[in-house]
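I need the structure of the sequence given here:
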Amino acid sequence: MRPVCVLGNGQLGRMLRQAGEPLGIAVYPIGLDAEPESVPYQSSIITAEIERWPETALTRELSHHKAFINRDIFPLLADRLPQKQLLNTLGLATAPWKLLSDPSQWPQIFSELGDFTIVKRRVGGYDGRGQWRIRPGKETDLPTEIYGECIVEQGIPFSGEVSLVGARNADGKSVFYPLTHNLHQEGILRTSVAFTSANRQLQQQAEEMLSRIMEHLNYIGVMAMECFIVGDELLINELAPRVHNSGHWTQNGASISQFELHLRAILNLPMPQPEIVSPSVMVNLIGTEINPEWLSLPLVHLHWYGKEVRPGRKVGHLNVTHADKETLKNMLKTLALLLPTEYQSSLKWAQNKLS
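You can find the predicted model right below:
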């Protein structure tokens, strides 16, 4: 099988490499500053773990590579403006939004979008960074340099956040995991809960939405779609043209992980519908030192990224899975004793989701 080069050598590239090893697929996560002659890209399929990248000797070389899957889709979806325009073109529901170009727009913005808005940088803002919650009178707190670089959305009173992770291959076949329930705190994903099956109406709605997007773009590989639940409907929040944090539970809770599924899709290998073997909970480890005591719990799977621990930085995750929900809930209660205070509310949320 052809080797795969992953543009970006963070944790997603690392987990793609790990997923390739049992299948005999050589996966090479590569840093953006690597010298082109040190990378076996000529004979490889090229994918990426990031949506945007600076111009370097390597990225200039790869920009002409015919086997760079989704090469022209990454910049489109990395910018929230064309991403929103794409969703509008396809008639897919999102929060009402506008391009934020000038401070003089604010009276009209509040008139059209209401008194609670969220300003987001078009590129580069993630994990709560590059975003501001703005109410009337607070718009003057915004940095002046953001105008022209942001969109502004109506604040949505949603009842829940979910994501759909799916994959499409070159033949147009798509498969999906069940909707994942997510809890964000300060803009960072803290915990995800996935069940063996999802609400049929919402699952069907989400699959139809993501299918339309992937088919319109002729996208190949794994894509994630984050949504708000509003009543009985879904509003698309954001798209990620790559494997996604909210799909990490699939490493231990599905017969095929999202990382293996991505490799199967881009290499045009068989892509059966993954079997979901049990309910699963994923806990992001954020700015927390590794604790060997986690390994004393038989249902807890540790995935450590080998990164320097810093506040606000994702350094690993824990997957907890079991067919019996009560057993899973009890394991989360025990796990809570081995995690700092800031994890307690999200673990309690996960236990409630399982009830």
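
next, give phi and psi for V152.
phi -130, psi 130 (degrees, to the nearest 10).

going forward, begin numbering at 464 instead of 1
Taking 464 as the first residue, the last one we looked at is V615.

got the contact list for it?
560-561, 563, 572, 576, 580-583, 597 (C-beta atoms under 8 Å, 6 or more residues apart in numbering). From N, CA and C alone the C-beta is placed, and that goes for glycine too.

strands - which of these land there?
Among those, DSSP state E puts 560-561, 563, 580-583, 597 in strands.

now those residues in TSV, with neighbour count?
Formatted as TSV, the ones in strands among the contacts of V615 follow (neighbours: other C-beta atoms under 10 Å):
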residue	neighbour count
W560	21
K561	17
L563	25
T580	26
I581	18
V582	21
K583	21
I597	22
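
give me the mean pLDDT for stretch 471-491.
If you average the pLDDT over stretch 471-491, you get 97.

now swap in stretch 765-775 and tell me
Per-region confidence: stretch 765-775 scores 96 on mean pLDDT.

CA atoms only for that stretch - export them in PDB, please.
Extracted as PDB, the C-alpha positions of stretch 765-775 are listed here (Å, rounded to 0.1, in the frame of the first residue of the first chain):
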ATOM      1  CA  LEU A 765      -5.000   6.500  28.300                       C
ATOM      2  CA  HIS A 766      -3.800   8.300  25.200                       C
ATOM      3  CA  TRP A 767      -0.900  10.500  26.000                       C
ATOM      4  CA  TYR A 768       0.500  12.900  23.400                       C
ATOM      5  CA  GLY A 769       4.000  13.300  24.700                       C
ATOM      6  CA  LYS A 770       3.700  17.100  24.800                       C
ATOM      7  CA  GLU A 771       5.000  19.600  27.300                       C
ATOM      8  CA  VAL A 772       2.200  20.300  29.800                       C
ATOM      9  CA  ARG A 773       1.100  23.900  29.800                       C
ATOM     10  CA  PRO A 774      -2.200  25.600  31.000                       C
ATOM     11  CA  GLY A 775      -4.900  25.300  28.500                       C
END
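
related to what we said a few turns ago, pipe the contacts of V615 into CSV and attach distance to L550 per row.
Rendered in CSV, the data for the contacts of V615 read as follows (distance: C-beta to C-beta, whole Å):
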residue, distance to L550
W560, 10
K561, 14
L563, 18
I572, 19
L576, 17
T580, 18
I581, 16
V582, 18
K583, 14
I597, 22
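
distance to M672 and pLDDT for those - can I get that in JSON lines?
What follows is those, written out as JSON lines (distance: C-beta to C-beta, whole Å; pLDDT from 0 to 100):
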{"residue": "W560", "distance to M672": "17", "pLDDT": "97"}
{"residue": "K561", "distance to M672": "22", "pLDDT": "97"}
{"residue": "L563", "distance to M672": "26", "pLDDT": "96"}
{"residue": "I572", "distance to M672": "26", "pLDDT": "97"}
{"residue": "L576", "distance to M672": "22", "pLDDT": "97"}
{"residue": "T580", "distance to M672": "24", "pLDDT": "97"}
{"residue": "I581", "distance to M672": "21", "pLDDT": "95"}
{"residue": "V582", "distance to M672": "25", "pLDDT": "96"}
{"residue": "K583", "distance to M672": "20", "pLDDT": "95"}
{"residue": "I597", "distance to M672": "28", "pLDDT": "96"}
